[in-house]
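Trainee: The amino acid sequence is not available; the structure is as follows:
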């Protein structure tokens with residue numbers, strides 16, 4: 001199979017250079033030079049993968065994953081426009097043939113993206129709620145292994161929850177109709193902490209939203225009425241470019257979704 005011809009994804013992520021403990025320059029875990037894709041069987045590296053260089057890689061792999069809420073592309077551009085790609089040795093250490101704390105997404109036999117596993121996310125996540133929620137799911141003995149996997153995927157906006165949600169909305173943002181998967185988030189309507197396990201997996205308790213709208217919805221600065229019209233908090237008037245007058249869901253909410261939206265409005269102070 002030929003190596004995939006994929007562009008460098010523009011992540012605009014801030015990625016400080018790795019330096020050795022003595023402050024001297026070092027080979028970068030997210031390389032600035034050779035960006036050819038790797039095949040899993042070609043990954044080779046000495047050592048056990050527990051040094052500061054691999055630690056840096058793990059920390060920033062999780063940090064990037066947190067910020068983009070999807071698998072981290074093997075190669076991308078950072079906030080300075082520099083082309084970056086993942087070091088083969090670091091991939092070996094975190095992958096299934098190493099510490100098995102990350103999953104590889106492959107295309108034509110080549111690694112094109114990497115997803116940190118829950119154990120790694122729980123260890124390094126800066127979003128405390130995500131790490132805590134994953135830990136609670138892992139400790140819940142009342143759910144089967146299959147449901148546990150589904151819940152973990154749903155908390156991370158991945159898996160069957162995301163697939164079912166996107167299918168209901170024809171692969172598009174529920175507001176803007178954007179169909180670019182890289183910027184679509186599988187957003188829960190009733191927040192994770194307020195929902196039962198069944199509700200966490202229910203695609204009617206979700207909306208596919210572009211990243212900006214997802215962030216506003218997640219923190220309760222916007223919501224939707226029973227007809228799907230967008231409601232915005234008064235303090236958004238100082239930021240007129242974030243939402244537009246007349247924004248609404250592209251289809252009328254179902255009866256079950258209206259119930260979830262009612263709870264979202266109540267939780268976030270749209271209804272008293």
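Mentor: Everything's here; your move. Since the model is a prediction, treat every value here as computed from it, not as a measurement.
Trainee: Rounded mean pLDDT for stretch 33-48, please.
Mentor: For stretch 33-48, the mean per-residue pLDDT is 90.
Trainee: How about residues contacting it?
Mentor: Stretch 33-48 has contacts (CB atoms under 8 Å, 6 or more residues apart in numbering) with 3-4, 6, 8, 74-75, 83-85, 88-93, 95-97, 104, 106, 109-112. From N, CA and C alone the C-beta is placed, and that goes for glycine too.
Trainee: lowest-confidence helix or strand of this structure?
Mentor: The least trusted helix or strand in the chain, going by mean pLDDT, DSSP states H and E, turns out to be helix 128-139, with a mean of 79.
Trainee: Hmm, residue 268 and residue 262 touching each other?
Mentor: No - look at residue 262 against residue 268 with CB atoms under 8 Å: they stay out of range, at 11.3 Å.
Trainee: The contacts of stretch 33-48 in helices, which ones?
Mentor: 88-93 (DSSP state H).
Trainee: Out of the residues you listed, which comes closest to residue 174?
Mentor: The closest of the ones in helices among the contacts of stretch 33-48 to residue 174 turns out to be residue 91 (CB to CB; 35.3 Å).
Trainee: And for the closest one, nearest residue in space, chain neighbours not counted?
Mentor: residue 43 (5.5 Å; CB to CB, 6 or more residues apart in numbering).
Trainee: distance of that neighbour from residue 87?
Mentor: Between residue 43 and residue 87 the distance is 10 Å, computed by CB to CB, to the nearest Å.
Trainee: between the two, what contacts are shared?
Mentor: By CB under 8 Å, 6+ apart, no residue touches both residue 43 and residue 87.
Trainee: Which of the three states applies to residue 174?
Mentor: Under DSSP: H, G, I helix; E, B strand; the rest coil, the three-state class of residue 174 is coil.
Trainee: What is the neighbour count of it?
Mentor: Residue 174 is flanked by 25 other residues according to other CB atoms under 10 Å.
Trainee: And the closest residue to it other than its chain neighbours, how far from residue 66?
Mentor: Nearest residue to residue 174 in three dimensions, chain neighbours excluded: residue 207, at 4.7 Å (CB to CB, 6+ apart). Applying CB to CB, the value for residue 207 to residue 66 is 20 Å.
Trainee: same deal with residue 242?
Mentor: Distance of residue 242 to residue 66, given as CB to CB: 21 Å.
Trainee: which one of the two has more residues nearby?
Mentor: Set residue 242 next to residue 66 and count neighbours by other CB under 10 Å: residue 66 wins out with 17 against 14.
Trainee: Surely the more buried one is in contact with residue 129?
Mentor: No - using CB under 8 Å, residue 66 is not in contact with residue 129; the gap is 11.0 Å.
Trainee: what's near enough to touch the residue nearest the centre of the chain?
Mentor: Centroid-nearest residue in the chain: residue 69, 1.2 Å away (criterion: CA atoms, centre = their mean). By CB under 8 Å, 6+ apart, the residues touching residue 69 are 156-157, 185, 211.
Trainee: Reformat these as JSON lines; add pLDDT and neighbour count.
Mentor: As requested, these are exported to JSON lines (pLDDT from 0 to 100; neighbours: other CB atoms under 10 Å):
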{"residue": "156", "pLDDT": "85", "neighbour count": "23"}
{"residue": "157", "pLDDT": "83", "neighbour count": "19"}
{"residue": "185", "pLDDT": "91", "neighbour count": "24"}
{"residue": "211", "pLDDT": "87", "neighbour count": "17"}
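Trainee: Report all helices and strands that whichever helix in the chain runs longest contacts.
Mentor: Criterion DSSP H: the longest helix present in the chain is helix 52-68. If you count contacts as 3 or more CB pairs under 8 Å, 6 or more residues apart in numbering; DSSP states H and E, helix 52-68 packs onto strand 9-13, strand 72-73, helix 88-94, strand 110-116, helix 118-124.
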